[in-house]
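# Mind folding the following:
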Amino acid sequence: MRVNPASSGIESFLRQFELESEAGTAALGCEIARHLAAGDTVTLSGPLGSGKTVLARAVVRTFLAREEVPSPTFTLVQTYETQNFLISHVDLYRVKAESELRELGLDEALDRGVLIIEWPDRMGTQLPPDRLDLMFEAADGEHRLVKLVGRGSWAQRLKTMRLGGAS
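Numbers count the residues shown, from 1 in each chain. You can find the predicted model right below:
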């Protein structure tokens, strides 16, 4: 993967708001899907059960409504061919070392389409600098606080996205 230097000078933009339900998480995924283009990376961080896979599933189903979208926890990568690009849904939960990433072919997947990465912290410094980062945090009950950070070209796209309750 492309190395993300700490002092890259890449523009970033933050939005945050509360998701009140799984349906709200899916709606956010659909809105993100509307802004995707080949070469994009979206990262999903948060504890188990916080909505990462729900959001990734909604992105894929925006393009492929009837597609079965299982969690890639055991396969590590699930791919979906859309009319516009390939979507690679990656779950790095079981990856223990950055050296294991080479075997996944993420550079090639990014060259061919979109990467959606759960547990991106496992990539260390290998994340592309131009990306959309989502961090899910528990609020109360089923509510989740989500923080979105657009980096590089995603900073401007995030500013224009329609997000309910966003600040």
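# Now do the strands in this protein.
Secondary structure of the chain, counting by DSSP state E: strands at 12-19, 41-45, 77-81, 86-91, 113-118, 131-138, 144-151.
# So in that sheet, which strands flank the last one, and in what orientation?
In the sheet containing strand 144-151, the strands it pairs with under DSSP bridges are strand 12-19 (antiparallel), strand 131-138 (antiparallel).
# since we're on G29, how many residues are nearby?
For G29, the count of nearby residues is 23 (other CB atoms under 10 Å). For glycine as for every other residue, the C-beta is placed from the backbone atoms N, C-alpha and C.
# let me fix that: T82
T82 is flanked by 16 other residues according to other CB under 10 Å.
# Read off the pLDDT value for E81.
On the pLDDT scale, E81 is placed at 93.
# Start the count at 480 instead of 1 going forward.
In the new numbering, first residue 480, that becomes E560.
# Show me what it is bridged to.
Taking DSSP bridges as the rule, E560 bridges to L565.
# Give me the neighbour count for it.
Around E560 sit 13 other residues, with neighbours defined as other CB under 10 Å.
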